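Asker: Next one to model:
(one chain, ligands or ions: 2)
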Amino acid sequence: MAEPEGLVTRAVNSIFTVRMGEEVRICRARGVLRKRGEKVLVGDRVRVEPVGSGEGVIVEVLPRRTELVRPPIANVDQALLVFSLVTPDFHHALLDRTLVAVAAAGLDAVIAITKCDLDPGGLADVCAAPYRQAGYRVILCSSVRGDGIADVRQALAGRVTVFAGPSGAGKSSLANAIAPELGLRMGEVSAKLGRGRHTTRHVELFPLGGGTFIADAPGFSQLDLALPAQELRYYFPDLVRAASGCAFRGCLHIEEEEACGVKAAVARGEIPPSRYESYRALYRELREQEENRY
Ligand SMILES: Nc1nc2c(ncn2[C@@H]2O[C@H](COP(=O)(O)OP(=O)(O)OP(=O)(O)O)[C@@H](O)[C@H]2O)c(=O)[nH]1
Ligand SMILES: [Zn+2]
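Answerer: Ligands and ions are numbered 1, 2, ... in the order given. Model (predicted):
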């Protein structure tokens, strides 16, 4: 008979916290897994041989759907990209870059624009427009006033979500508004990871009930993009749509002066200049990476 299944929610020094329904067990990995070089990650679905009332041995890691490298978490469904409207100012280029990194990791993206209580008037909709136009879900939030919190809860429901975004954007505050008892703990983890001198790699999935889990992913936006420059265009859904108007199927929307559907869409105001500029800048960066490799 197969051992019962659980979800790894925490990993510290090869000690794993495994949730099995309502029960939580503290586990080690069976030696043979380690010998085979099979790592157990937070987010892994595992089979556990129970030991006593609160402990166990992980005997099998079930196949992963996704695997993030930094932070090391398995089976993440989506990223909530938390970017503030002001303090710090909304950062289009960094959001565009993070959206590419998220898509390249195989995750869905939801965008939360925070601190909308500080909107001087109409700014939030202006910042959100390029992303709504591209087809992303954008939620305007205020952790102070409570705007958007119910929508964020709904977007997280039943899924495993990592919170990513620049320092000070309001990730901990948002987590705290969604689940008061967990938000503060999540902030503590990120503070330790980000600034602690003795940084233990501590990743944790926080349960919000009903199969909903959240994790902090500080530094996700600083990730190197590991994809060929030629493929970058597929990670901008708004460019993909406009590319049906390009004369050449291999059109990169950069040098091609004529018959580029993307450039035409930018000229007509259908693709915001900031999105196209982000594409060009990231393309250049990836090309340089490729050239320096040889
Ligand atoms: N006015 C306003 N201030 C906010 C809001 N959300 C967060 N803040 C403030 O913004 C600052 C940063 O918020 P945090 O939640 O710590 O940001 P963080 O993204 O977790 O930051 P790191 O831990 O550095 O990654 C704090 O001073 C918060 O009080 C909001 O909705 N409205
Ligand atoms: Zn083109």
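Asker: now what about stretch 275-284, what contacts it?
Answerer: By C-beta atoms under 8 Å, 6 or more residues apart in numbering, the surrounding residues in contact with stretch 275-284 are 92-93, 96-97, 100, 130, 134, 225, 229, 232-233, 236, 238-239, 252-254, 262-263, 266. For glycine as for every other residue, the C-beta is placed from the backbone atoms N, C-alpha and C.
Asker: Show me which positions of stretch 266-285 end up buried.
Answerer: Within stretch 266-285, the residues that count as buried by 16 or more other C-beta atoms under 10 Å are 266, 271, 272, 275, 276, 278, 279, 282, 283.
Asker: Which of those residues fall in helices?
Answerer: 266, 275, 276, 278, 279, 282, 283 (DSSP state H).
Asker: Among these, list the two that are farthest apart in space.
Answerer: With C-beta to C-beta as the measure, no two of those lie farther apart than 266 and 282, at 15.6 Å.
Asker: and the chain, which residues reach ligand 2?
Answerer: Counting by C-beta under 5 Å from the ion, the chain comes close to ligand 2 at 246, 251, 253, 260, 262.
Asker: Looking at these, which is nearest residue 115?
Answerer: Nearest member of the residues of the chain next to ligand 2 to residue 115, counting by C-beta to C-beta, is residue 262, at 32.3 Å.
Asker: need the helices for the chain, in chain order.
Answerer: Under DSSP H, the chain gives helices at 31-35, 92-104, 123-134, 149-156, 171-178, 180-195, 237-242, 261-267, 273-292.
Asker: now the ones you listed as a markdown table including distance to ligand 1 and mean pLDDT?
Answerer: Below are the helices of the chain laid out as a markdown table (distance: least, C-beta to the nearest ligand atom, whole Å; pLDDT from 0 to 100):
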| stretch | distance to ligand 1 | mean pLDDT |
| --- | --- | --- |
| helix 31-35 | 33 | 86 |
| helix 92-104 | 13 | 94 |
| helix 123-134 | 11 | 97 |
| helix 149-156 | 10 | 97 |
| helix 171-178 | 3 | 92 |
| helix 180-195 | 5 | 58 |
| helix 237-242 | 26 | 97 |
| helix 261-267 | 32 | 95 |
| helix 273-292 | 22 | 95 |
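Asker: can you count the residues close to residue 95?
Answerer: 24 (other C-beta atoms under 10 Å).
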